[in-house]
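Asker: I would like to see how this sequence folds:
(2 chains)
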Amino acid sequence: MSVFDGLKFRRVYSPIHNLDPRIKFIYVCAIFAAAILFLELLPLIILFLIQVPFVILAGVKHEWLRSMRGAAFLATIIFLTNFIFSFIGAGYIVTPSNLEYAIAMTLRFIVLIESFSVFFLTTSPDHLGLALEQTRIPYEFCFAFTTAVRFVPVLAEEAQTIMDAQKARGLELESGNFLKRIRNYIPILIPLIVSAIRRSLELAEAMESRAWGATENRTNLYVLKMHRGDLVLIAITAGILTVAIYVRLFLGIPSFSDLLGGLF
Amino acid sequence: MIEVKDVYFTYPNSIEALKGVSLTIKNGEFVAIMGENGAGKTTLVKHFNGLLKPTRGSVLVDGVDTTKVSVATLARKVGFVFQNPDHQLFSETVEEELAFALKNFGFKEKTIKRRVTWALNLLGLAQYRKTSPFMLSGGERKRVALASVLAWNPKILILDEPTIGQDYQQKEKLLQFILQMKAQRKTIIIVTHDVEFVAECNPRVLLMRQGRITADGKAQKVLTSPEILTHASIVPPQITQIFLQLSDFGLPKEVIDIYEARQKLLDVLERKAK
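Answerer: Residues are numbered from 1 along each chain as shown, chains lettered A, B, ... in the order given. Predicted structure coming up:
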């Protein structure tokens, strides 16, 4: 569950928290796009390092590190599959370039997780809903989205309680062969699904009783406004994208082995 | 016997829920753990069957350190009924629900059948044998959850908030049932906010506040001392409130039992009449 920890919002105030969520989202998408543009290690390292000041400025180092640790397992799998396939592709030899390729692919995944983690750690679900609404997305969709986001930690906690309750009845999750292990999760999944359905029905009733959808044109108590910090972030985002596209199209990117080869 | 030795527990989100708890619960004892929300009651009892392991200190169940054995092994001895039955019910019929734990513990088919029937009868659920647990009412689901734990006849029984959502009659049945278990020398531990229910059972009461035990003693002593109770955000039982107000008339303060209260009042009235 530690991957989810990196997506859980905590109410703290920092320059990053105060940024307009829409701009932050554009920034995340830009990083995302830039990461997809490159297969080489060097630019991906740069993209990785660009995020670090954001994390430090937002004061969410602790949570962020935890989500990175949560992603470590998937990262290892990505590294191994890439490495093994390029190993086979290169004719069963380890070359510096295919090792570099595998590391780059892993780092690309980490950059994606990293930027999303920063976004979710510094954006409250309310803010997110507000941002969606004020980009004129129909309110039904905004509401569904924010509700889904908000219930992720609730569901995770509930899953933990259910696991405890079944373990207390002698269920051993880690026992038996592969099929048995999957079957072991049935006593966890059924109560989880049933209670999720029950909760959604209750939520629907609560919404009805609070006059959901009574007016066509909703107004908001808080209106998102752009500040100086947002303009700075736009500039940074545009800068990153321009440089990334320029480098991709017009410059050759030296690989690490080339660089090291040049040194010696 | 459960021995808790200077236990500290910190959740992964760095909330320290237990701050140095020590206590011993002997075989056959009946203990009620009370205290404000977030005092650490559920955290403490989750240590008794190994669901949580102490960050510091140790918990011994019948001399066995809970960190050395699996939850499933401990569960055979320590039955734990969770607060919300919906967190455990998943089978197609009530019968299968009760058999689940027995299968986990590797009981024989014949024994399982006998135990299931026994537990169903004990809690008055025999007519629901083939019903889906999801079709039952809240109170009935709670009883199914209780029956599913009782079925394997654990030596120690932990009930988390057993009286929530139960009407008076069901509470009375629960009380009778607990007394019956007590007569069989079972250890019973309940976590509850229900002062009146505790007053009726008169167990040993542990009061908790902010991860520490603040009072430990007979219900008659703990629940009649206003200083201790306000500290733990608990209101004394109604009968005690009356007797605390009437102490000027030479009535005792330590009264939680209705029959005792009646007797004491009659004594005073008789004395006045003479």
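Asker: Just the pLDDT for the most centrally placed residue in chain A.
Answerer: For chain A, the residue lying nearest the average C-alpha position, counting by C-alpha atoms, centre = their mean, turns out to be A:Phe116 (3.4 Å). pLDDT, the model's per-residue confidence, is 84 for A:Phe116.
Asker: correct me, but it touches A:Val28?
Answerer: Yes: shown here, A:Phe116 and A:Val28 form a contact pair, counting by C-beta atoms under 8 Å, at 6.3 Å. (Glycine included, C-beta is placed from N, CA and C.)
Asker: Geometric centre of chain B: which residue is closest?
Answerer: Residue closest to the average C-alpha location in chain B (C-alpha atoms, centre = their mean): B:Ile190, at 1.1 Å.
Asker: quick one: that one is in a strand?
Answerer: Yes: membership of B:Ile190 in a strand is supported by DSSP: H, G, I helix; E, B strand; the rest coil.
Asker: Next one: the closest residue in space to it that isn't next to it in sequence from A:Val118, what distance?
Answerer: Across the structure, with C-beta to C-beta, 6 or more residues apart in numbering or on different chains as the measure, the residue nearest B:Ile190 apart from its sequence neighbours is B:Leu159 (4.6 Å). With distances defined as C-beta to C-beta, to the nearest Å, the gap from B:Leu159 to A:Val118 amounts to 45 Å.
Asker: who's more crowded, the two?
Answerer: The residue with more neighbours, out of B:Leu159 and A:Val118, is A:Val118; 26 against 23, by other C-beta atoms under 10 Å in any protein chain shown.
Asker: show me the contacts for the more buried one.
Answerer: Remark: with contacts taken as C-beta atoms under 8 Å, 6 or more residues apart in numbering or on different chains, A:Val118 is in contact with A:Ile16, A:Val28, A:Gln51, A:Phe54, A:Val55, A:Ala58, A:Val60, A:Trp64.
Asker: Work out for me the element it sits within.
Answerer: Here A:Val118 sits within helix A:96-122, counting by DSSP states H and E.
Asker: quick one: buried residues of that helix?
Answerer: The neighbour-count criterion (16 or more other C-beta atoms under 10 Å in any protein chain shown) identifies A:98-122 as the buried residues of helix A:96-122.
Asker: In this model B:Val81 seems to touch the residue nearest to B:Ile190, though I could be wrong.
Answerer: Yes: applying C-beta under 8 Å as the test, B:Leu159 and B:Val81 come out as touching, 5.0 Å apart.
Asker: what residues are shared contacts of these two?
Answerer: Counting by C-beta under 8 Å, 6+ apart, the contacts common to B:Leu159 and B:Val81 are B:Leu146.
Asker: what mean pLDDT would you report for stretch B:201-216?
Answerer: Rounded mean pLDDT across stretch B:201-216 is 92.
Asker: nope, stretch A:179-193 is what I was after
Answerer: pLDDT averaged over stretch A:179-193 gives 89.
Asker: what does stretch B:223-236 give?
Answerer: The pLDDT scores in stretch B:223-236 average 86.
Asker: Helix or strand next in line after the least confident helix or strand in chain A by mean pLDDT, which one?
Answerer: Comparing every helix and strand of chain A by mean pLDDT, DSSP states H and E singles out helix A:2-5 as the least confident one, with a mean of 51. Following the chain from helix A:2-5 toward its C-terminal end, the next helix or strand by DSSP H and E is helix A:21-37.
Asker: what does the next helix or strand along the chain from that next one rub up against?
Answerer: The helix or strand immediately downstream of helix A:21-37 is helix A:41-58, counting by DSSP H and E. In this structure, residues lying in contact with helix A:41-58 by C-beta under 8 Å, 6+ apart are A:14-17, A:31, A:34-35, A:37-38, A:61, A:64, A:100, A:103-104, A:107-108, A:110-111, A:114-115, A:118, A:121-122, A:240, A:244, A:247, A:253-256, A:259.
Asker: quick one, the following helix or strand past helix A:41-58 and helix A:41-58 angle?
Answerer: Note on helix A:41-58: by DSSP H and E, the next helix or strand toward the C-terminus is helix A:61-89. With axes from the mean of the first three to the mean of the last three C-alpha atoms, to 10 degrees as the criterion, the two stretches helix A:61-89 and helix A:41-58 enclose an angle of 170 degrees.
Asker: Direction-wise, compare helix A:61-89 with helix A:96-122 and give the angle.
Answerer: Computed by the same axes, to 10 degrees, the angle between helix A:61-89 and helix A:96-122 is 150 degrees.
Asker: Quick one: residues contacting B:Arg204.
Answerer: B:Arg204 sits next to B:Glu29, B:Phe30, B:Val31, B:Ala32, B:Asp216, B:Gly217, B:Lys218, B:Ala219 when contact means C-beta under 8 Å, 6+ apart.
Asker: how does it look with 6 Å?
Answerer: B:Val31 (C-beta atoms under 6 Å, 6 or more residues apart in numbering or on different chains).
Asker: okay, the helix or strand of chain B with the lowest mean pLDDT in PDB with CA atoms only?
Answerer: Taking mean pLDDT, DSSP H and E as the measure, the helix or strand of chain B with the lowest value is helix B:226-231, at a mean of 84. Extracted C-alpha coordinates of helix B:226-231, given in PDB (Å, rounded to 0.1, in the frame of the first residue of the first chain):
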ATOM      1  CA  PRO B 226     -16.100  11.000  38.900                       C
ATOM      2  CA  GLU B 227     -12.600  12.400  38.800                       C
ATOM      3  CA  ILE B 228     -11.200   9.300  37.000                       C
ATOM      4  CA  LEU B 229     -14.200   9.200  34.600                       C
ATOM      5  CA  THR B 230     -14.200  12.800  33.400                       C
ATOM      6  CA  HIS B 231     -10.500  12.400  32.700                       C
END
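Asker: Tell me which other helices or strands that helix touches.
Answerer: The helices and strands touching helix B:226-231, judged by 3 or more C-beta pairs under 6 Å, 6 or more residues apart in numbering or on different chains; DSSP states H and E, number zero.
Asker: Alright, I will stop here.
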